[in-house]
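Colleague: predicted model and sequence below, questions to follow.
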Amino acid sequence: MTLDIDFVRAQFPAFAEASLSGQAFFENAGGSYTCGAVIDRLTRFYTQRKVQPYAPYAASQLGGEEMDEARARMAAILGVDGDELSFGPSTTQNTYVLAQAFGQMMQPGEAIIVTNQDHEANTGPWRRLAERGIEVREWCVDSETGHLNTNALEDLLDESVRLVCFPHCSNVVGEINPVVKITALAHAAGAFVCVDGVSYAPHGFPDVGATGADIYLFSAYKTYGPHQGLMVIRRALGELLPNQGHYFNEGSLYKRFTPAGPDHAQIAACAGMADYVDALYTHHAGGNADASARGAFVHDLMRAHEVALLQPLLDALAARNSVRLLGPAHAQGRAPTVAVALGRPAEPVAAALSQHGIMAGGGDFYAVRALKAMGIDPDQGVLRLSFTHYTTKAEIDQLLNALEDVL
């Protein structure tokens, strides 16, 4: 089924904003536009329910109900139980808290595996556990392609490994890693897995339950929502790890790893992301389906649209001898997060593209280890062109014409 792009864009106020008219947004990996359903819920909470939730008066009860609704509906889309989903201030902060919990549970001499393909948020906190005597093993990318070979992971796994941390896809390489296969390998060795889904979830919410992952993290501000980090921790692991919240909340799974007070309004507004999924499903499919099935349908609808738009961009960049395309040259195996090394500083090139109405970025994008592993100077960085399902063919054409002029 073809995505109705006009319907999609009508759900995002940014596309009706005069100040953004004529500008094509290709910095989505840094944060997406926010859908109207989220903005409406956020506005309603701040104007009608900005009180302490769960108290015995109407405004408070309504606020608490909206927070509970967001957790329940997003968990259902992700294929997990409601209390297995936590909200925190950011994915970086959520990962840091989890690292503290693992640091308390693990013994010196036990090991974790991290990659050098990751954004620093899902590698730095884990690497710091070496200061506690925990062995940190690095699963390294191929220096030419940025690919993570599962055979290399098998060589790192043994009975001392307690955790394997890796990205669903990298924010500069873009290749979609085989989460189910990696998780199965880790579990067979007796290790848990932590998957950074920040660069994948904007292209369709995954069925986390089906992946088998023990931890899955992503950022709502990149999935059309507010600035919150969403963190799935499956029950068996969540009850095993030491509590990081207030001692009197340790019996609540979704509070065990959120020591900071939650942002009530933004949690409630996350239900707007579920509203958006439901709106796309109803418009394109109609009928009735459970939340997981609706999420899967919308995931595939988004991906099909993105893949069709992505291949011409990959072809155009791969054909240029003056740039180095990072990651796969085939759209089916990657997210539409496209980074190219230019052999010169990337930020001025992004600035030049802005003169053609292209909003893009240049830099290291907190993937310094990945760039160094592929022989790219992080100080020069890469030009990153990232889009999502609300991007149009006309905007891709605008980008290709701008690249022709600037490169």
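Modeller: Thanks, I have it. Quantities reported herein were computed from a predicted structural model and do not represent experimental measurements. Numbers count the residues shown, from 1 in each chain.
Colleague: go through this protein and flag its longest helix.
Modeller: The longest helix of the chain (DSSP state H) is helix 291-318.
Colleague: that helix: which residues count as buried?
Modeller: For helix 291-318, the neighbour count (16 or more other C-beta atoms under 10 Å) marks 291-292, 294-299, 301-303, 305-307, 309-311, 313-314, 316-317 as buried. Every residue, glycine included, has its C-beta placed from N, CA and C.
Colleague: now stretch 333-352
Modeller: 334-342, 346, 349-350, 352.
Colleague: repeat for stretch 153-161
Modeller: For stretch 153-161, by 16+ other C-beta under 10 Å, it's 153, 157, 160-161.
Colleague: name the nearest of those residues relative to His246.
Modeller: Nearest to His246, judged by C-beta to C-beta, of the buried residues of stretch 153-161 is Val161 at 31.4 Å.
Colleague: list the contacts of that closest one.
Modeller: Residues counted as contacts of Val161 (C-beta atoms under 8 Å, 6 or more residues apart in numbering) are 110-113, 137, 186, 189-191.
Colleague: one step back: now, the buried residues of stretch 153-161 that are in strands?
Modeller: Of the buried residues of stretch 153-161, the ones assigned to strands by DSSP state E are Val161.
Colleague: out of the buried residues of stretch 153-161, which two sit at the greatest distance?
Modeller: Leu153 and Ser160, at 14.7 Å, using C-beta to C-beta across the buried residues of stretch 153-161.
Colleague: of the buried residues of stretch 153-161, closest to Ala329?
Modeller: Looking across the buried residues of stretch 153-161 and measuring by C-beta to C-beta, the closest to Ala329 is Leu153, at 23.7 Å.
Colleague: give the rounded mean pLDDT of stretch 238-249.
Modeller: Mean pLDDT, stretch 238-249: 96.
Colleague: endpoints of that stretch, how far apart?
Modeller: Stretch 238-249 has an end-to-end distance of 13 Å (C-alpha to C-alpha, to the nearest Å).
Colleague: ok, and what's touching that stretch?
Modeller: By C-beta under 8 Å, 6+ apart, stretch 238-249 touches 84, 97-98, 100-102, 104-105, 233, 250, 253, 255-259.
Colleague: check stretch 343-356 too.
Modeller: 322-324, 342, 360-363, 379-384, 398, 401-403, 405-407.
Colleague: just give the number of residues close to Tyr54.
Modeller: 12 (other C-beta atoms under 10 Å).
Colleague: ok so Trp217 is a strand residue?
Modeller: For residue 217 the amino acid is Leu, not Trp. Yes - applying DSSP: H, G, I helix; E, B strand; the rest coil, one finds Leu217 inside a strand.
Colleague: check contacts around it.
Modeller: Contacts of Leu217 by C-beta under 8 Å, 6+ apart are 91, 94-95, 122, 194-198, 229-232.
Colleague: make CSV out of these and add secondary structure and pLDDT.
Modeller: Formatted as CSV, the contacts of Leu217 follow (DSSP: H, G, I helix; E, B strand; the rest coil; pLDDT from 0 to 100):
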residue, secondary structure, pLDDT
Thr91, helix, 96
Asn94, helix, 97
Thr95, helix, 97
Asn122, helix, 90
Cys194, strand, 98
Val195, strand, 98
Asp196, strand, 98
Gly197, coil, 98
Val198, coil, 98
Gly229, strand, 97
Leu230, strand, 98
Met231, strand, 98
Val232, strand, 98
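Colleague: if any of the residues you listed are buried, put those into a ChimeraX selection.
Modeller: Only the buried members of those enter the following ChimeraX selection, criterion being 16+ other C-beta under 10 Å:
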select :91,94,95,122,194,195,196,197,198,229,230,231,232
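Colleague: now the contacts of Leu217 in a markdown table, with distance to Cys35?
Modeller: Shown next, in a markdown table, are these (distance: C-beta to C-beta, whole Å):
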| residue | distance to Cys35 |
| --- | --- |
| Thr91 | 19 |
| Asn94 | 22 |
| Thr95 | 26 |
| Asn122 | 26 |
| Cys194 | 28 |
| Val195 | 24 |
| Asp196 | 23 |
| Gly197 | 19 |
| Val198 | 18 |
| Gly229 | 18 |
| Leu230 | 16 |
| Met231 | 21 |
| Val232 | 21 |
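Colleague: nearest to Val179, out of the contacts of Leu217: which one, please.
Modeller: Val195 (5.8 Å).
Colleague: surely Phe257 and Phe87 touch.
Modeller: No - Phe257 is not in contact with Phe87 according to C-beta atoms under 8 Å; the separation is 10.5 Å.
Colleague: which residues do those two both contact?
Modeller: Met231.
Colleague: contact partners for Thr183?
Modeller: With C-beta under 8 Å, 6+ apart, Thr183 has these contacts: 193, 195, 211-213.
Colleague: would you mind putting the CA coordinates of the helix or strand where it lies into CSV?
Modeller: In the assignment (DSSP states H and E), Thr183 maps to helix 179-188. Taking Å, rounded to 0.1, in the frame of the first residue of the first chain, the C-alpha atoms of helix 179-188 are listed here in CSV:
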residue,chain,number,x,y,z
VAL,A,179,18.8,-7.6,16.3
VAL,A,180,17.1,-11.0,16.5
LYS,A,181,20.2,-12.9,15.4
ILE,A,182,22.5,-10.9,17.7
THR,A,183,20.2,-11.3,20.6
ALA,A,184,20.0,-15.0,20.1
LEU,A,185,23.8,-15.3,20.0
ALA,A,186,24.1,-13.3,23.2
HIS,A,187,21.4,-15.2,25.0
ALA,A,188,22.9,-18.5,24.0
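Colleague: and it, how far out from the chain middle?
Modeller: 20 Å (C-alpha atoms, centre = their mean, to the nearest Å).
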